[in-house]
Each structure stands twice: as C-alpha cells, then as structure tokens.
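[1] Generate coordinates for the sequence data below:
(one chain, ligands or ions: 1)
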Amino acid sequence: MTRDRLQGQGVAELIDRLEERVLQCDAEGRILFCSKSDTGLLGYKPPELAQRRLIDLVHPDDRTAFPTWPGPGSSSPRATLRLLSVDGAVGWCEVQLHHLFDLGSIAVVEDVSLREQARQQADEMLTRLTKLAAKVPGVLYQYQQWPDGRACFPFATDGLFDVYGVRPDQVVTDATPVFEILHPDDVERVAERIQASARTLTTWRDSYRAIAPDGRTVWLEGESEPEAMADGSVLWHGYIREVTEQKLASERLEASEALYRAIFHNVNDGIILHRVMPDGRPGPFEEVNDVACRILRYSRDELTKLAPGKIDDPEAMLDIAAIMQSLRDTGHANFESLLIAGDGTRIECEVSAHQFEYRGEQRILSVLRDIRERKTAERELRQALREMSEAQDALRLHARVFESTREGIIITDRNNHILTVNAAYSEITGYSAREVIGRNPSIVGSGEVDKSVYREMWRSLDSEGHWQGELLNRRKDGSVYPQWLSISAVRGDGDDVTHYIGWLRDLTREKEIERRIERLSNLDSLTGLPNRSLFRDRLEVQAATSGKRGKPFSLLYLDLDRFKIVNDSMGTESGDAYLQKMAERLVRLLRPTDTVSRLGGDEFALLLPDTDAEGAAHLAGKVQAELNRPHKIGDRTLSLTVSIGIAIYPQDGKDYQSLLTAADVAVNRAKEKGRNTSEFFTVELQDQARRTLQIETDLRAAMVKGELSLHYQPKVDLASGEIVGAEALLRWQHPERGAMSPAEFIPVAEETDLIVEVGHWVLDAALGQQVAWREQALATLPVAVNLSVREFRQPDLVDLIARKLAEHRIDPSLLELEITEGVSLDDSIGVVEVMQRLRKLGVAMAIDDFGTGYSSLSYLKRFSINDLKIDQSFVRALDGDNQAIVTAIVGVARGLGFSTTAEGIETAEQLAFLKRQGCKCGQGYYFSRPVPADEFAALLRQPKAYTDLISPV
Ligand SMILES: Nc1nc2c(ncn2[C@@H]2O[C@@H]3COP(=O)(O)O[C@H]4[C@@H](O)[C@H](n5cnc6c(=O)[nH]c(N)nc65)O[C@@H]4COP(=O)(O)O[C@H]3[C@H]2O)c(=O)[nH]1
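    Down below sits the predicted model:
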C-alpha cells in the first residue's frame, strides 16, 4: 500500500494533519490511498474509496472540468468541482492533480464547500446586486484614478452603456472613452471637481452634460465616495444617472415658475393671497403682486402686514359674511368693493376671489382690478347713452320733421354733393332721393336765373354762412317753378364747412295767390294796370337796382287834357272805355320791362328802366302821337291830347315821392304851357313847386295875421255909366314878397282844402264890408265873390252861404257868386241843383271867364244864372274872331235871358264895341282897377263918376 510507503517515510502522519485530503491514485485514476483515514472523503471511508476513480465522484455536470492527470513532476491547475458524497449530497472541493515521481499520481482535494458556499452566496449576492444594479437607472461604478493621471472604471454596471454608450469592459483599464463623450463645455469642470474630491476625499457630486450616441445632449448627475488606496490611487464608488428629463423638467419648472412669477407680478390685475382664519374670516395677506401694491399704494412689506379689513372702505358696506359663504360654497365670489389705498385715495375695485386648499389650509386668492376708469367710463357711457337716447329721440323727431315737413330739405356735403333729400323735396322737384343723391343740386336749375344770383349766394354762404332768396328751378318733368331757397352752411369743430342744408319751398301756389292778391290790390280795376301802390313799389325797387348799377330811369306823368269833357259830355261809361283804350295803347307801346300805371282819374304814370332824358323825351313823343290818335266810342270819334311831365332818376329825385312830385310839377307846367306837350322837371319847376308850398304855408298864416284884404272893382252899367255892383278880389300883402296876385296864390290854395278856408274868409270879409258900407249909409250894391271849383264842391255850400248871409244880415240879393265855366261843366257835383238852390236862396249867379270852356248851349240853358262874364282875353284883343265870339256870347246870353258883363275893358274902343253889341255891364281898368274898400266907398259917393267915360262913346 502506498500509504504504507507514505507512513513509512513519516509522511503519512503529516498528510493526515493536512486539512486537505491527499489521494494517491493509479494511472487510471483509481484511488489507492486517502488521507484522513478516520473521516475519509465525502462520507466515504477510505476503504470505500479504494478502487473508485476520483472522476466518478465528480458531479456529472462538472466532469468536463476535471483536470487531466499531469505528467511526472507536474501539477494540474486547481479545479473547483462538485463531488458527490456518499449520501448523494454535493460538496464543493478544490482538486489539484500532481505527479510525484515515485508516489505516482496524487490528488489533493480540499473541501471548499463552506468557502464555495460562501462564494456562491457571494456570487448570488453579486448576481442579485448586479441584477438590482441593472435595474437601477444609470450606472453604478467604481472609478479609480492614479496620481499620474491614469484612470479606469474597475467596475461598472451595464447601465454604463445606457449612460455613455460605452460598454463596461471598454473602460476597465482606461476611462478615456467615458470622458470623450462629455460635453466640451463641461468636461473641464467635471475633471476639476473630480480632482477636488480626490484632494479632499469628499463626496464628488456633479451634474453635467454629455453627447449621447444619437447626438442628443443629455444631462447626467453623479455622486460617489472617494477612497484612498494603498497604491496612492483614489477609488470612487458611486453612481451616475441620466437626468435629462428631470433637468429639463426642472428647467421647465424654473421657467414656468419664472413665467408664473412674471405673470403674477405683471398681470394687469392685483393679486393677493391670504389665509382663511379658523373662525372663517379672511386672514392677513401672505403674498401680493406688484400690481396690487401699485393699486393699493403700499409697499409689499406694508401690504403683507395688513388684512382685508384694513383696506375695505366701510362705506362700501361689503357683506363679508356673504362673500365668505359664497367662497365656502362655490369656491369663488365676485364683487365690487371700495378700497382705501395707502395714500387715502378711495379706489373702486372689482374683486374676483377664489378659495382653495393649499398645504392643508384654506387660502383665498383675490384678483383685484382697479375699475375707476371703467366706472368713470361707465358713468360717462351711461351719460352718453342717456344723451344719445335723448339725441336719438331728437334725431327721430328731426327725422320725422325731416320727412313730414312740407318744406323740401336737401343736405349736401362740403363739395355740394347731395347726401339726402326729404320726401317734400321729391314731391316738389319730381326727383326721387335715389336719383339725386351724389349729384349737384344744380340738376334742378332752370338756366333762367342770372349767374350773379348764384355768385351772390356763394359769397353770402362763405362770409355769412347763410343765404336765402328766390330762384327759378326746373322740375323733372321740365316745368319751371319759383322756389324760395334758404341755405345754411354747417360748420364742424374746425370751423370748416362740413355740410350745406337747404330748405326749399315751392312758391308756385303762393305766387298764384300773390298774383291774385296783387291783381286785386295792386292793379287798377278799370284798366288792369298796376295801381299807384304797385307803381310805387316797382319804382322803389327800380330805384334800389338803378342806385346799385348807377343807371338812370325815367318817370313820365301823363295827364289827359280835358278828359273831363268826355265824362261830362258822353257819360262816365264812355270815359271809362276811353281810359281802357288809352291803357291798352300805352301797354302796347312800351317794353315788357316798363311799367304803365293808372294813378287815378285820367292820370297815368310810366316807369321806364334804364332810360335817360333823351330816351324819355323820345318816348314822350311816341306816347303823345299814340294817344292823340282818334278813338271811336259808340258813334263818336274822340281825340284827346296828353300833357306829360318827365322826371329822371336820380337827378330829379331818388324815391317815389320826390320823383312823382317832380313829374307832377312838370306835368302841371306842361298844362300851363298850353297842354299837349311834355315838360321835363327842372330846377326852376322845382323852385316853383317849393314856392307853391311856401305860399300854401304862408297863406294859412296870412289869414290869421291879417295879411289878406279885399279889393273891389266896380261893375259899371255900360249904358248909364252907373256903378251897379262890385267884384271882390282877394289881395295878399306878403310880409316879404309884398303884394301877391291872387292868380299866383289862388291856384295854390285850390290844390288843397285851403281854398275853402280862404273862401270863408272872403265871404266874411265881403259881407262884413257890405255891412260897413251900409253903416256908412252908402248905396247898397251887390258884391260878386269868386268861388273856385273846390269851394263849389263843398257839400254844405248852400247852407254855408245862407248862414253867412244870416250872420251878417245881408240880403241874399246883394251877393253874387261867380263860378268859372269849368265849375259849371263838372256835373258830378250836381252843379245845376246847387245853382238852383242858391238861386232859390236869392243869391245871384254869374259864370266867370265865359268863352274859355266848352259849355254847350243846351247845358247852359239849364243853369240858373243871372250873368255871363265875358272872359277878358276876348275883350283885350278884339280882332275879328274875338269880336265874333263876343257878339255870339252876348247874343246867346240875351237869348237865354242872362245879362252879360265884359271883363278887362281898358279902352274906349273896347267899351264902344261892347256897347254896340249890347253888352249890359263891364269891368276894367278903363273904369277902375280893383281898389281897397275905402277907395271904393269914395267911388260910391260919386254916382256920376263914369258917366263921362260912357257918354263920348
Ligand atoms: N289886365 C287887366 N286886368 C283886369 C282888368 N280889370 C280887371 N282885371 C283883373 O282881372 C281879374 C278879374 O278877376 P277874375 O277873372 O275873376 O279872376 C280872378 C279870380 O279868378 C281870382 N280871384 C280873385 N279874388 C278871388 C277870390 O276872392 N276868390 C277866388 N276864388 N278867386 C279869386 O283871381 C283872378 C285874378 O284876380 P286879379 O288879379 O284881381 O285880377 C282880376 C282883376 O284885377 C283890366 O282892365 N285889365
């Protein structure tokens, strides 16, 4: 036995002491000897092991790992194998095979079950840890760094690949691949930190960027504990993980926080965060934003020391309980409040409060909005709305007025484009609003209005902002109509014209009515010509126009000569027809722009625009020629002449009154000059007219002042030379002008009622003188008194005469009234009847100036007269014709039973002729001029004074 050999050499005991089992095997590996004979191997007693191959004791799964038996003198590597124990259990053993020359093959088997178990446990642990580590996000590692700069990762979990894209085995000896992928901006810092950690042996902690294999920049975060190693190196144990998401999340969070902070402080609204107190009341402010500070005018520090109750204005009378209740129930409450700011200002705020739980406590986030501007705006808006509503009411009213007014309204823009028109406008013009909007108002122009009118219109609109006047416009149907237009310029804030508003009224109907009224009131009913009043208007309009244009115009005053004869001889109807005919002729003769007017009676007036003296004279000639043409009335043909007075504007007068007076003065002059002529008004005529006026004035005074007196001219019986009567002739001793002839002032007095007063004075004077003569016991002779037309026309003439005679107690037969032939021809006053009544009274009547009028004999016959007084014009120039006339008058008078008195006898020849003709009486200078009463009394005292003058004849 080998054991024996081992023992024999004293080795066996030594072997037995070894912990390991020493087995001697034969060349086939069969066990020959086993140490530890008491315990054996794996529960096998040494004898049980004999002849067993060692490999057969190896767990079948490990047999391949069983080393090959070595050659002489060599050893196999150690192999750790599982061996099967006698009871089938597995035990771990470390097996090394040797070949010890003489001893042959020796196997040293060490029971490493415990160790292996421990190792296995450690491996399992490691496996578990590795698995766990694999589960841990990131990488667990060991990093070792030597002072000479070498570095490696002795250990790293597979996560290294995930983190750096580098496998652990790539960096076991050199850490460079890991550092190569660090972000260039961070690599230096990372290295510095590692160095610092190495120096101080303090925990390395860092976060940094790396470039991932896919090119992404990733954030890594690591922490590891350094450990100084015996060889001078430092070994770190730690982890690294990717925190890109977290980093980004944190960045996002930071950004979001910054954003929210910015929003918190920069929102337009104030934000206040505060607690809810345990008793349910709002607690002090915890956080406020800048806007809240601005609104409430407190600093952040001041505000965060306050609570809501400190800034609420009690006047707002907030129902805090209700607000808190709403917050509790619904989580929010919106209300308006009045807050007192730090500087005492009252601030109207809108508050939107939200209640929420934060970290176990109820908090309120109140959002305040300063609504003062809004409130002011609201108030203003309300006011504006009110005003707008009122304005709308007004507008509606205006619109109603606009549409319902009967006046056309047209509104244009500043460029005179029509913006709108009302219904009345359409009705008047015939154009619908659609047809005229955008167009110029001139579309209704008739073209019949002088351009100067429009020029004046725009001038007035520009300077005064208003114009009104009459225009002729044209309707859509082409008809032209008169329209009254009133335009106002509307100015905007900048004083520029923004619109024009025109009100227009159709004057068609008014014009018609006007024309009718005018016809009635302004036209002469007989001839249809403008009457005096219209003539006056036209003249004044003409004066205004001519005044502006500096042009003359003429006024012709026409008086038909002796028209009375037509009336008297043919009746008023014929007279009217004659006047109508004359009117027609005048109208035909004149231009349409001229005006022919009948002023009354047989007086016409012509207004000739733009006509100077030359034109007026020319026209006067045409008028005379035209009116002189014979005109047939009934079976008679008449031809009357006309006297014309001409006045020229402006030299003869500038208004109606002065021009008409001038023309009147001129026509009187024409008549004085013998009629059938025209006369211009002259300064002399004017002077004469003035004189006339002066006479009139002075004559009134003269009666009062005793400047009047009567002279008496004896009336002589041509047969006997006796004074048979006297003619009272008025004398006026004017204080400045001396003795004035009645021929001068009587006609003036006749133009007015002054002659009536004068007549009264004369009657009183003449009758009074008779009384005086009577009292002087002089012969009582009839006195003849002249009566003018007006005096004769007095309605109470007969009563007046009777009264005067009675007053003076004069016998009516002692009064003779002389009326001119003209008076006797005026039948309108009932001459015959008045004469009869006077005759009945006992007063004698004489016709003065006989022969100058147109008395028809049949007419004369009806008169109750005593005497015909032959006009002195026939006596003065006793040529053949006049002798014949005188003879005829005397003959007629005799035939009709009247006596005759010749006036103006100045010579014995005249006297002789008259006597021969049988003229009864005579007056004249031949016998005596009219003399004062006392001189006449002297004549009465010499009854034979004229006998001598008579007898030689
Ligand atoms: N050349 C000339 N003239 C003679 C002669 N004899 C008399 N006369 C004038 O002839 C006029 C006669 O009066 P008459 O024809 O009635 O005309 C009168 C009469 O119409 C009017 N008149 C005079 N007195 C009165 C009056 O009291 N009442 C009215 N109504 N008229 C009066 O005034 C006229 C003028 O009166 P007188 O100037 O007094 O002028 C008087 C008288 O002075 C003569 O031989 N030769």
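
[2] contacts, neighbours, all on C-alpha from now
    Fine.

[3] Helices of the stretch 701-850 of the chain, residue ranges please.
    Listed from the start of the chain, the stretch 701-850 of the chain has helices (DSSP state H, counting those that start in this stretch) covering 742-751, 754-775, 789-793, 797-808, 821-825, 831-841.

[4] Could I get those in TSV, plus columns for distance to Leu248, mean pLDDT and mean neighbour count?
    Rendered in TSV, the data for these read as follows (distance: least, C-alpha to C-alpha, whole Å; pLDDT from 0 to 100; neighbours: other C-alpha atoms under 10 Å):
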stretch	distance to Leu248	mean pLDDT	mean neighbour count
helix 742-751	129	86	16
helix 754-775	131	93	19
helix 789-793	134	84	20
helix 797-808	140	95	16
helix 821-825	140	67	21
helix 831-841	141	89	18
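
[5] Dump these into a markdown table; add distance to the ligand as well.
    Putting these into a markdown table (distance: least, C-alpha to the nearest ligand atom, whole Å) gives the following:
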| stretch | distance to the ligand |
| --- | --- |
| helix 742-751 | 5 |
| helix 754-775 | 6 |
| helix 789-793 | 8 |
| helix 797-808 | 14 |
| helix 821-825 | 11 |
| helix 831-841 | 16 |
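
[6] Kindly list the longest helix within this protein.
    helix 372-404 (DSSP state H).

[7] quick one: contacts of the next helix or strand after that one?
    Using DSSP states H and E, the helix or strand that follows helix 372-404 in sequence is strand 408-413. Residues lying outside strand 408-413 but in contact with it, judged by C-alpha atoms under 8 Å, 6 or more residues apart in numbering, are 402, 418-426, 428, 498-505.

[8] returning to what we had before: which helices and strands does the longest helix of the chain pack with?
    Where contact means 3 or more C-alpha pairs under 8 Å, 6 or more residues apart in numbering; DSSP states H and E, helix 372-404 is packed against strand 346-358, helix 423-429.

[9] and with 10 Å instead?
    If you count contacts as 3 or more C-alpha pairs under 10 Å, 6 or more residues apart in numbering; DSSP states H and E, helix 372-404 packs onto strand 346-358, strand 408-413, helix 423-429.

[10] Show me what counts as buried in it.
    If you call a residue buried by 16 or more other C-alpha atoms under 10 Å, then helix 372-404 has these buried ones: Phe402, Glu403.

[11] relative orientation of that helix and strand 408-413 in degrees?
    Taking axes from the mean of the first three to the mean of the last three C-alpha atoms, to 10 degrees, one finds helix 372-404 and strand 408-413 inclined to each other by 140 degrees.

[12] what about helix 372-404, distance to the chain center?
    Average the C-alpha atoms of helix 372-404, do the same for its chain, and the two points are 17 Å apart (C-alpha atoms, centre = their mean, to the nearest Å).

[13] and if you look at stretch 617-635?
    63 Å.

[14] And stretch 819-838, by the same measure?
    Between the centre of stretch 819-838 and the centre of its host chain there is 76 Å, according to C-alpha atoms, centre = their mean.

[15] For it, output the C-alpha coordinates as PDB.
    C-alpha atoms of stretch 819-838 as PDB (Å, rounded to 0.1, in the frame of the first residue of the first chain):
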ATOM      1  CA  ILE A 819    -118.100 180.400 -60.800                       C
ATOM      2  CA  THR A 820    -115.900 179.600 -63.800                       C
ATOM      3  CA  GLU A 821    -117.100 177.800 -66.800                       C
ATOM      4  CA  GLY A 822    -115.000 174.800 -65.700                       C
ATOM      5  CA  VAL A 823    -117.000 174.500 -62.500                       C
ATOM      6  CA  SER A 824    -120.300 174.700 -64.300                       C
ATOM      7  CA  LEU A 825    -119.200 171.800 -66.500                       C
ATOM      8  CA  ASP A 826    -118.500 169.400 -63.600                       C
ATOM      9  CA  ASP A 827    -121.800 167.600 -63.500                       C
ATOM     10  CA  SER A 828    -120.500 165.100 -60.900                       C
ATOM     11  CA  ILE A 829    -121.200 167.600 -58.200                       C
ATOM     12  CA  GLY A 830    -124.700 168.300 -59.200                       C
ATOM     13  CA  VAL A 831    -124.000 171.900 -60.400                       C
ATOM     14  CA  VAL A 832    -127.400 172.500 -61.600                       C
ATOM     15  CA  GLU A 833    -129.000 171.500 -58.400                       C
ATOM     16  CA  VAL A 834    -126.600 173.600 -56.300                       C
ATOM     17  CA  MET A 835    -127.200 176.600 -58.500                       C
ATOM     18  CA  GLN A 836    -130.900 176.200 -58.300                       C
ATOM     19  CA  ARG A 837    -130.800 176.100 -54.500                       C
ATOM     20  CA  LEU A 838    -128.600 179.200 -54.400                       C
END
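
[16] So which residues on the stretch 451-600 of the chain come close to the ligand?
    By C-alpha under 6 Å from any ligand atom, no residue of the stretch 451-600 of the chain approaches the ligand.

[17] need the contact list for Ala228.
    Contact analysis of Ala228 by C-alpha atoms under 10 Å, 6 or more residues apart in numbering lists Gln144, Gln145, Ala198, Arg199, Leu201, Val234, Leu235, Trp236.

[18] Among these, which lie within strands?
    In this view, the contacts of Ala228 that belong to strands under DSSP state E are Gln144, Gln145, Val234, Leu235, Trp236.

[19] Hmm, Trp204 and the third one touching each other?
    No: Val234 lies out of contact with Trp204 (C-alpha atoms under 10 Å); the separation is 11.9 Å.

[20] Quickly list the domain ranges of the chain.
    Here the domain parsing of the chain from automatic domain parsing is 2-118, 136-249, 267-370, 405-507, 523-680, 694-950.

[21] count of neighbours near whatever residue of the stretch 651-800 of the chain ends up closest to the ligand?
    Nearest to the ligand in the stretch 651-800 of the chain, going by C-alpha to the nearest ligand atom, is Leu729, at a distance of 3.5 Å. Neighbouring residues of Leu729 were enumerated by other C-alpha atoms under 10 Å; the total is 20.

[22] So which residues on the protein come close to the ligand?
    729-730, 741-743, 762, 785-788, 849, 904-906, 923-925, 929-930.

[23] Show me which of the residues you listed are buried.
    729-730, 762, 785-788, 849, 904-906, 923-924, 930.

[24] Now for Val234 and Trp204: what residues contact both?
    Overlap between the contact sets of Val234 and Trp204, as judged by C-alpha under 10 Å, 6+ apart, is given by Ser197, Ala198, Glu225, Pro226.

[25] which one of these is nearest Leu579?
    Out of those, the one with the shortest distance to Leu579 is Ser197. That distance is 147.4 Å, counting by C-alpha to C-alpha.

[26] Please name the residues that touch the nearest residue to that closest one once chain neighbours are set aside.
    By the measure of C-alpha to C-alpha, 6 or more residues apart in numbering, the closest residue to Ser197 outside its immediate chain neighbours is Trp204, 5.4 Å from it. Residues near Trp204 by C-alpha under 10 Å, 6+ apart: 190, 193-198, 222-226, 236-238.

[27] Which of the residues you listed fall in helices?
    Mapping the contacts of Trp204 onto helices (DSSP H) picks out Val190, Arg193, Ile194, Gln195, Ala196, Ser197, Ala198.

[28] Tabulate these (a markdown table), appending pLDDT and neighbour count.
    Below are those laid out as a markdown table (pLDDT from 0 to 100; neighbours: other C-alpha atoms under 10 Å):
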| residue | pLDDT | neighbour count |
| --- | --- | --- |
| Val190 | 93 | 20 |
| Arg193 | 94 | 15 |
| Ile194 | 94 | 22 |
| Gln195 | 94 | 15 |
| Ala196 | 95 | 14 |
| Ser197 | 95 | 20 |
| Ala198 | 95 | 23 |
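
[29] Which single one of these is nearest to Gly43?
    Distance ranking of the ones in helices among the contacts of Trp204 against Gly43, using C-alpha to C-alpha, places Ala198 first at 54.5 Å.

[30] I'd say that closest one and Arg205 touch.
    No: using C-alpha under 10 Å, Ala198 is not in contact with Arg205; the gap is 11.9 Å.

[31] list residues touching both of those two?
    Common neighbours of Ala198 and Arg205 (C-alpha under 10 Å, 6+ apart) are Glu225.
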